[in-house]
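J.: Everything below, folded, please.
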Amino acid sequence: MNFEIERKEKIEKIEEVLREYLPAQKGHQKVIMEAMEYSLMAGGKRIRPMLMWETFRMFGGETYVIRPFMAAIEMIHTYSLVHDDLPAMDDDDYRRGRKTTHIVYGEALGILAGDALLNYAFETAMKAFDMAPGKSVQIGKALKILAGKAGIFGMIGGQVVDVCSEGKRIGQDTLSFIYELKTGALIEASMMIGAVLADASDEEVKKVEEVASKVGLAFQIQDDILDVTSTDEILGKPVHSDEKNEKCTYVALYGLNKAEQEVEELTAQAMQILDETGRECSYLTWLLLELVHREK
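T.: You can find the predicted model right below:
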């Protein structure tokens, strides 16, 4: 099957999973459920749940236990975008080609929608215990990874350093730290959780984390590149937003050519480590390469 066609089919299946786990829109607080759905179902490539699913399959996973975690990782990613778009953060009016959550629902509900998605992500992931009580140890490990990679030693930690670095001249070490946590952490969580729930060994999980770390860094550098080379229409969000927010990027630090070279080197290293697992993963390999060479 053509991988591009296969990806579209997989995205449709992931969308079904997301809708399955969204809360019913009822009760006095149903507006928050509406805002959650508006944010979560705004489209996108569904990279993180797809990486989780494909890594799970690569290590022989066959049960439905992965589904609540697929929904949970996308909820966490979406909440981070909702909060990133807020006036106090990046102050963006459009995301994925349509108005951002706070523009549609107001700033207060934009904040609460993000909060709700984060909390509901863990409510959703814990449904795995009822689905597969015999895999409680693996589910517990997966929850620990999810919490750690999303928190102050993961994505939030990277966001904190990113915000505190605005308008300042920072070096490569700090910039890499920001990218590895802010972007790489959830990609690492996605692939690690897929491996853990498929009973991969500790050594295999470590290799998967290394692959995801390098891909995550390459992914974010590519984002920097697109911010200066793409258009609002192609990207689905405003370009030159990094410059507007006085953020240091790989392109600003080293120039476009060096940034593109770094993407290629990191990608090659990631592919080598993935090959060392000895697992059949042709679609996953294609997907990772597509992520770092994307145009939007």
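J.: Please state the backbone phi and psi of Glu290?
T.: Note on Glu290: backbone dihedrals following degrees, to the nearest 10 are phi -60, psi -40.
J.: Count residues in the vicinity of it, would you?
T.: 14 (other C-beta atoms under 10 Å). Where C-beta positions appear, they are placed from N, C-alpha and C, glycine not excepted.
J.: State the distance from it to Met50.
T.: Using C-beta to C-beta, to the nearest Å, one gets 11 Å for the distance from Glu290 to Met50.
J.: host element of the nearest residue to Leu117 once chain neighbours are set aside?
T.: With C-beta to C-beta, 6 or more residues apart in numbering as the criterion, Leu117 has its nearest non-adjacent residue at 3.8 Å, and that residue is Tyr79. Assigned by DSSP states H and E, Tyr79 belongs to helix 66-84.
J.: Gly114 too?
T.: Here Gly114 is assigned to helix 107-125, by DSSP H and E.
J.: Give the other helices and strands that whichever helix or strand comes after that helix contacts.
T.: Sequence order places helix 128-131 as the next helix or strand after helix 107-125, per DSSP H and E. With contacts taken as 3 or more C-beta pairs under 8 Å, 6 or more residues apart in numbering; DSSP states H and E, helix 128-131 sits against helix 66-84, helix 136-150.
J.: and the host helix or strand of Tyr38 with helix 107-125, angle?
T.: Tyr38 belongs to helix 30-40 when assigned by DSSP H and E. Interaxial angle, helix 30-40 versus helix 107-125 (axes from the mean of the first three to the mean of the last three C-alpha atoms, to 10 degrees): 80 degrees.
J.: Can you name the element that comes right after helix 30-40?
T.: As assigned by DSSP H and E, the chain's next helix or strand after helix 30-40 is helix 47-58.
J.: Please give me every residue in contact with Ser220.
T.: Just to correct that, residue 220 is Gln rather than Ser. 179, 182-184 (C-beta atoms under 8 Å, 6 or more residues apart in numbering).
J.: Buried subset of these as a ChimeraX selection?
T.: This is how ChimeraX selects the buried members of these, with burial counted by 16 or more other C-beta atoms under 10 Å:
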select :179,182,183,184
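J.: gap between Ala147 and Gly140?
T.: Taking C-beta to C-beta, one finds Ala147 at 11 Å from Gly140.
J.: And for Leu274?
T.: 26 Å.
J.: out of the helices and strands packed on helix 128-131, deepest packed?
T.: Of the helices and strands packed on helix 128-131, the one with the most neighbours on average (mean count of other C-beta atoms under 10 Å) is helix 66-84, at a mean of 25.
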